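Peer 1: I'll drop the sequence and a predicted model, then ask my questions.
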Amino acid sequence: MEIHKIETGFLAENCWLLVNARNEAVIIDPGDNAAAILETLSTAKLQLILLTHSHSDHRGALAELVAKTGAPVALHFSEAAIVEQGAANPPDFGERFEKVPVARKLRGGEILDFGEERIEVIATPGHTAGSVCFLVNSELFSGDMLFRENVGRTDLPGGNEDELNESLAKLLKLKPETRIHPGHDADWTIGEARKFFV
Ligand SMILES: [Zn+2]
Ligand SMILES: [Zn+2]
């Protein structure tokens, strides 16, 4: 599986584009700059757009990508209405968005088919109530839950520090070689995170 990172928007959000051996693609968190994402997608067939959560900096290019590719969108059920209503989240984080239908409402624990690959959905509330991470083999896409030497803020609506600490403990049980691809900043590993947080 190929992993491409496209840094987007004024908050330098990391959009992740995965391409499997069948030249099928999944996009995680299309923050902005649909043109750059589509250029990276190239000839790969887009199967699914995943959101780790509904914050505006993670879905600025969502409506344009859906309009141009027809790909279905999936995120946690508790934040689906925000995307379907085209709301900015948090409300003072930017302008309103176009309404985008959500094809699949996640709860955590699902395994999503992606060719020979499997995408495991892990519920990790704390940064927002509906935050999830996606695990593909030893690659973890952690959104704003877990960054290099940092965790997501919990002071925005839906944030909860106790829940975030529980989610962090859950993630730290993954294999140490698991590579963390966060929603902002650089990659690191679960092994490094264990040493840092414990
Ligand atoms: Zn966020
Ligand atoms: Zn973010």
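Peer 2: Everything's here; your move. Ligands and ions are numbered 1, 2, ... in the order given.
Peer 1: find the nearest non-adjacent residue to Ser138, please.
Peer 2: Counting by C-beta to C-beta, 6 or more residues apart in numbering, Thr178 is the residue found nearest to Ser138 once chain neighbours are left out, at 4.9 Å. In this view, the C-beta of every residue, glycine as well, is placed from N, C-alpha and C.
Peer 1: distance-wise, check the most centrally placed residue in the chain relative to ligand 2.
Peer 2: By C-alpha atoms, centre = their mean, the chain has its centre lying nearest to Thr52, at 3.1 Å. Distance check for Thr52 against ligand 2: by C-beta to the ion, to the nearest Å, it reads 9 Å.
Peer 1: is the residue lying closest to that residue once chain neighbours are set aside in a bridge, and if so with what?
Peer 2: Excluding the flanking residues, the one nearest Thr52 by C-beta to C-beta, 6+ apart is Gly143, at 2.7 Å. Gly143 has the following beta-bridge partners by DSSP bridges: Pro182.
Peer 1: and if you look at Ala123?
Peer 2: Ala123 has the following beta-bridge partners by DSSP bridges: Val132.
Peer 1: list the contacts of it.
Peer 2: His76, Arg107, Gly108, Gly109, Ser131, Val132, Ser167 (C-beta atoms under 8 Å, 6 or more residues apart in numbering).
Peer 1: how near is it to ligand 1?
Peer 2: 16 Å.
Peer 1: and the nearest residue to Leu51 once chain neighbours are set aside, what element?
Peer 2: Using C-beta to C-beta, 6+ apart and skipping the chain neighbours, the partner closest in space to Leu51 is Leu75 (3.9 Å). According to DSSP states H and E, Leu75 maps onto strand 73-76.
Peer 1: alpha carbons of that strand, in CSV - could you do that?
Peer 2: What follows is strand 73-76, C-alpha atoms only, in CSV (Å, rounded to 0.1, in the frame of the first residue of the first chain):
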residue,chain,number,x,y,z
VAL,A,73,-18.2,9.5,2.8
ALA,A,74,-17.9,7.8,6.3
LEU,A,75,-17.4,9.2,9.7
HIS,A,76,-18.6,8.6,13.3
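Peer 1: just the mean pLDDT for it, thanks.
Peer 2: The average pLDDT within strand 73-76 is 98.
Peer 1: so what touches it?
Peer 2: 48-54, 62, 66, 83, 100-108, 112, 123, 129-132.
Peer 1: and after that strand, which helix or strand comes next?
Peer 2: Sequence order places helix 77-84 as the next helix or strand after strand 73-76, per DSSP H and E.
Peer 1: run me through the strand neighbours of the very next helix or strand once past that next one, direction for each.
Peer 2: Sequence-wise, the next helix or strand downstream of helix 77-84 (DSSP H and E) is strand 104-106. Applying DSSP bridges to the sheet, strand 104-106 is found paired with strand 73-76 (parallel).
Peer 1: tell me how far the strand it pairs with is from the chain's mean position?
Peer 2: 9 Å (C-alpha atoms, centre = their mean, to the nearest Å).
Peer 1: residues of it that come out buried?
Peer 2: Residues Val73, Ala74, Leu75, His76 are the ones in strand 73-76 that count as buried (16 or more other C-beta atoms under 10 Å).
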